[in-house]
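>>> Any chance you can model this:
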Amino acid sequence: MKWANRIIIGLVIVLFILVLLLLISTIYYSLDKKMEIGSLTDWLSAGANIAMAVTAVVSATLWFTQKAKLNTLDISHKLAFDFENNLWKINERMYSNVLLRNEIHHDIVRKVSPKKEIEKLVLAELDRKTTTDLSEIAYLYSNITKLERHNVKIKASLNGIFEEIIKARNDYLDSHYTYLGELALSQDDLNSEKLSKAKKLLEQKKRTLSNIFENKLAKLDINKDYEFNPSK
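Down below sits the predicted model:
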């Protein structure tokens with residue numbers, strides 16, 4: 001805050017002048033004992049005390065203001081990390097989906113579970129379209145809103161990656177659900193053409209999404225891809 005710095009500098013100059021006058025008055029007093037300077041030194045001392053008090057108040061105000069800005073900056077960095085962590089959760093979910101698909105495929109091959117049970121598992125996963133999927137997206141956009149409220153701007157480089165992830169995520173989930181649907185319908189023929197095509201498309205979409213995380217999001221620099229502006 002420039003105005004506060006100027007006030008402090010001005011008060012320091014005033015203090016220096018008052019101390020200088022006090023020193024001069026003391027020298028004159030030592031040379032001429034008859035000179036009455038008691039009232040002068042009292043005034044100088046009082047002026048110095050007032051100046052020091054004002055300096056202390058202004059300095060404290062400046063410190064608290066700067067501290068508040070630093071706290072805001074700390075919160076902003078935390079929000080940025082939270083935003084990226086939530087993006088990485090998409091990648092984590094993708095690999096948990098692999099485990100789910102493998103488990104269902106294994107149960108079908110080994111005939112561990114009845115067909116109806118397999119269908120229930122698939123339907124439970126398909127239900128996530130209207131629950132988990134929507135919540136994930138809403139949470140990410142909520143993160144962006146929080147960043148904006150704390151004067152944090154996502155730069156074009158990161159915003160572009162974010163849009164790529166969202167699109168690739170949607171494409172991947174569509175192929176994931178399509179594959180599961182075909183898997184449930186092809187329990188008696190796991191080599192069916194439809195299931196093979198669905199699996200091939202799923203692998204392509206998964207690879208596309210994985211590449212964005214590995215080659216783009218993993219290389220982000222928080223100091224380059226965000227613009228942090230402390231609150232005024």
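>>> Confirm Asp189 sits in a helix?
No. Per DSSP: H, G, I helix; E, B strand; the rest coil, Asp189 lies outside any helix segment and is coil.
>>> Just give the closest residue to it, not the sequence neighbours.
Using C-beta to C-beta, 6 or more residues apart in numbering and skipping residues adjacent in sequence, the residue nearest Asp189 is Leu195, 7.7 Å away. The way it works is simple: take the backbone N, C-alpha and C, and place the C-beta from them, glycine included.
>>> Surely that neighbour is in contact with Gln187?
No. Counting by C-beta atoms under 8 Å, Leu195 stays clear of Gln187, with 9.9 Å between them.
>>> could you measure Asn86 against Lys153, distance?
18 Å (C-beta to C-beta, to the nearest Å).
>>> domain ranges for this structure?
Domain segmentation of the chain under automatic domain parsing yields 2-68, 71-228.
>>> ranking the ones you listed by mean pLDDT, which is last?
Lowest mean pLDDT of these: domain 2-68, a mean of 53.
>>> For this protein, which segments count as strands?
152-154, 226-228 (DSSP state E).
>>> So which of the ones you listed has the densest surroundings on average?
Mean neighbour count (mean count of other C-beta atoms under 10 Å) peaks for strand 152-154 among those, with a mean of 18.
>>> Give the partner strands of that one in its sheet and their orientations.
strand 226-228 (antiparallel) (DSSP bridges).
>>> who's in contact with Ile166?
Ile137, Leu140 (C-beta atoms under 8 Å, 6 or more residues apart in numbering).
>>> Any figure for the gap between it and Ile90?
9 Å.
>>> Also Val122?
21 Å.
>>> cool, and Leu180?
18 Å.
>>> for Asp171, same thing?
12 Å.
>>> more crowded one of those two?
Ile90 (21 against 16; other C-beta atoms under 10 Å).
>>> so that one makes contact with Glu136?
Yes. Assessed by C-beta under 8 Å, Ile90 is found in contact with Glu136 at 7.0 Å.
>>> burial measure for the nearest residue to Ile161 once chain neighbours are set aside, as a count.
Leaving aside its sequence neighbours, Ile161 sits nearest to Lys216 (C-beta to C-beta, 6+ apart; 5.0 Å). The number of residues packed near Lys216 is 15, by other C-beta under 10 Å.
>>> before we move on, what about Glu125?
Glu125: 19 neighbours (other C-beta under 10 Å).
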